[in-house]
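Visitor: following is a predicted model, sequence given first.
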Amino acid sequence: MINKLITSLVEHLSTEIQNNNKIEAILKPILTLLYSKIHIYINVGISLYFLLLFICILNLILLLFKN
């Protein structure tokens, strides 16, 4: 997977440099990498939020039945 990522990055850089888009050649991979990282963090955050919500609801139910 890392090999595939590196080869696609090198291909992208070479084609963009040949087309004289040096700024785009540098920025585009960085932006896509940032987007993928942010996407992962959002998914993890939503999962943790629902996990905490589930634990809170479970605690409330247990407190109600304890009395």
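Guide: Looks like it arrived, so ask away. Numbers count the residues shown, from 1 in each chain.
Visitor: and Ile26, what element?
Guide: For Ile26, the element it lies in under DSSP states H and E is helix 22-66.
Visitor: just checking, what packs against that helix?
Guide: Based on contacts counted as 3 or more CB pairs under 8 Å, 6 or more residues apart in numbering; DSSP states H and E, the elements that helix 22-66 packs against are helix 2-18. All C-beta spots, glycine's among them, are computed from the backbone N, C-alpha and C.
Visitor: how far does the helix it packs on sit from its chain's centre?
Guide: Between the centre of helix 2-18 and the centre of its host chain there is 21 Å, according to CA atoms, centre = their mean, to the nearest Å.
Visitor: grab the nearest non-local neighbour of Pro29.
Guide: Leu9 (5.5 Å; CB to CB, 6 or more residues apart in numbering).
Visitor: how many other residues sit next to the one you found?
Guide: In terms of burial, Leu9 registers 14 neighbours under the definition other CB atoms under 10 Å.
Visitor: what about Phe65, distance to Ser36?
Guide: With distances defined as CB to CB, to the nearest Å, the gap from Phe65 to Ser36 amounts to 44 Å.
Visitor: more neighbours: which of these two?
Guide: Neighbour count, other CB under 10 Å: between Phe65 and Ser36, Ser36 has more, with 10 against 7.
Visitor: relative to Leu9, how far out is that one?
Guide: Applying CB to CB, the value for Ser36 to Leu9 is 13 Å.
Visitor: same thing with Cys56?
Guide: Counting by CB to CB, the gap between Cys56 and Leu9 amounts to 43 Å.
Visitor: and for Lys37?
Guide: In this structure, Lys37 and Leu9 are separated by 15 Å, where distance is defined by CB to CB.
Visitor: again with Leu64
Guide: From Leu64 to Leu9 the distance is 55 Å (CB to CB).
Visitor: give me the pLDDT value at Leu48.
Guide: The per-residue pLDDT reported for Leu48 equals 92.
Visitor: distance check, it against Leu34.
Guide: From Leu48 over to Leu34 the distance is 21 Å, taken as CB to CB.
Visitor: hmm, which helix or strand of this protein has the shakiest average pLDDT?
Guide: Per-element confidence for the chain was summarised using mean pLDDT, DSSP states H and E. The lowest value among helices and strands belongs to helix 2-18, with a mean of 71.
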